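[1] Sequence plus the predicted model coming up.
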Amino acid sequence: MLTSFNEAQAQRALELAREALDIEGEAIRKLSARLGRDDSVPRAVALMMACKGRVVVSGMGKSGHIGRKIAATLASTGTPALFLHPGEAAHGDLGMVTAQDVLIAISYSGESSELAIVIPAVKRMNVPVIAITGKPESSLALAADVHLDVAVEKEACPLNLAPTASTTATLALGDALAVALLELRGFKSDDFARSHPGGALGRRLLTHVRDVMRSGDAVPKVKPDALLTDALLEISHKGMGMTAIVDDAGRPVGVFTDGDLRRLIEKAQDFSKLVIRDVMHPNPRRVHPEQLAVDAVAVMEEFRINQMLVTDADGVLVGALHIHDLTRAKVI
């Protein structure tokens, strides 16, 4: 802590922070309480549900920052959306908007001069306009097809000047619209993953066993009548800490792992004449190539194993998985 920042100042900072959070929390609670007083939210959701193009979100200054977040949330939850800077829109970027779109215009005062230029242009294209303002009688609110009121009693700023509670209420309303659309569209976790392929959820829901399994010559396997010594060589050469034992049709009948070898050492002294079928672990756990890799992880964790065999619909061995393969793929 800085030496010039005394205990009284620290306490006052904590009080101010709590007061700001209380003010913003109360703004959201009051916004929620008045949503049912008219049909503006259902109408706004209906317009976006019926949209054949994209939801275009626009706003200046702090409203623009909030608008970018709302557009990003909509886009990632199943509603195609983009942010349009109103200043740039007046100088050519309005070409991004088509007659198939819906515009969400954000301005707490409802009198943004930049939006005042944009609104008539989009109205001439018959683009529905949803206005989010804190002033129901403002120019923007009156020009819109649907007006969403985010008025707050006061800002969290002690001067009641910096947009704080009002921007929080606007952002919360944007999230509320996105969640309503998500549910009504039947948007699922798989859909979310497809729009987040680089994220942890995307990897978990989009990565299949076939994407990470070892296949071909990389899969260790021997026949049931192979000597244990030959099986150990196969384990060593393929580096998976195990080998599959397959019949003449290529179907796994057993597995032998490093762990099995350690347990065998405690019982046997001479390995030279042991046949793998006599010491293998029968009925090994297996997965299918089309299963999600995360499903394989669940089985491995449940049965405390590090390797799994991959078989096709006919039960033929087509691959093998090691826990390290799943770690490298960032599935776990």
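    Here it is on my side, so go on.
[2] I245 belongs to a helix, doesn't it?
    No. Looking at I245 with DSSP: H, G, I helix; E, B strand; the rest coil, it is strand, so not inside a helix.
[3] Using the three-state scheme, assign the residue lying closest to it once chain neighbours are set aside.
    Closest residue in space to I245, ignoring its immediate chain neighbours: G254 at 4.1 Å, by CB to CB, 6 or more residues apart in numbering. To be clear about C-beta, it is placed using only N, CA and C from the backbone, and glycine gets the same treatment. Look at G254: counting by three-state DSSP, its state is strand.
[4] for the chain, longest helix please?
    helix 7-34 (DSSP state H).
[5] Which positions within that one qualify as buried?
    Going by neighbour count (16 or more other CB atoms under 10 Å), the buried part of helix 7-34 is 20, 23-24, 26-28, 31.
[6] Under the pLDDT cut-off, which ranges of the stretch 1-150 of the chain? List them.
    Counting by pLDDT under 70, the ranges of the stretch 1-150 of the chain that qualify are 1-3.
[7] where do the strands sit along it?
    Here the stretch 1-150 of the chain has its strands, by DSSP state E, counting those that start in this stretch, at 55-59, 81-84, 102-106, 129-133, 146-149.
[8] Repeat that for the stretch 201-332 of the chain.
    Using DSSP E, counting those that start in this stretch, strands in the stretch 201-332 of the chain cover 221-222, 242-246, 252-257, 281-282, 286-287, 307-311, 317-322.
[9] how about the nearest residue to Q307, chain neighbours excluded?
    M242 is the one closest to Q307 (CB to CB, 6+ apart), at 4.6 Å.
[10] Contacts only, for the one you found.
    Neighbour list for M242: 220, 235, 255-258, 307, 320 [criterion: CB atoms under 8 Å, 6 or more residues apart in numbering].
[11] And these, which two are furthest apart?
    Across the contacts of M242, the longest distance by CB to CB is 14.1 Å; it joins D258 and A320.
[12] Tell me which of those two has more neighbours.
    Counted by other CB atoms under 10 Å, D258 and A320 do not tie: A320 has more neighbours, with 25 against 14.
[13] Who does the more buried one form a beta bridge with?
    Taking DSSP bridges as the rule, A320 bridges to R214, L309.
[14] Local confidence estimate at it?
    With respect to pLDDT, A320 scores 96.
[15] Equivalent analysis for R204, please.
    We have a pLDDT of 63 for R204.
[16] Equivalent analysis for P158, please.
    pLDDT, P158: 88.
[17] and if you look at the one 5 residues further on?
    Residue-level confidence at P163 comes out at 93, pLDDT.
[18] Now do the phi/psi pair for it.
    phi -60, psi 110 (degrees, to the nearest 10).
[19] show me the contacts for it.
    61-63, 108, 155, 157.
[20] Apply 10 Å and report the result again.
    61-63, 65-66, 108, 134, 152, 155-157, 169-170 (CB atoms under 10 Å, 6 or more residues apart in numbering).
[21] do you know how far it is from H65?
    Counting by CB to CB, to the nearest Å, the gap from P163 to H65 is 9 Å.
[22] Excluding sequence neighbours, find me the nearest residue to E19.
    Going by CB to CB, 6+ apart, E19 has A156 as its nearest residue, at 7.4 Å.
[23] burial count for that neighbour?
    Applying other CB under 10 Å, we find 24 residues neighbouring A156.
[24] show me where the stretch 151-300 of the chain has helices.
    In the stretch 151-300 of the chain, the helices defined using DSSP state H, counting those that start in this stretch lie at 165-185, 189-194, 200-206, 209-212, 228-238, 258-265, 276-279, 293-303.
[25] just these: most buried one?
    Most buried of the helices of the stretch 151-300 of the chain, by mean neighbour count (mean count of other CB atoms under 10 Å): helix 165-185, with a mean of 20.
[26] between that one and strand 102-106, how many degrees?
    Helix 165-185 and strand 102-106 are oriented at 160 degrees to each other (axes from the mean of the first three to the mean of the last three CA atoms, to 10 degrees).
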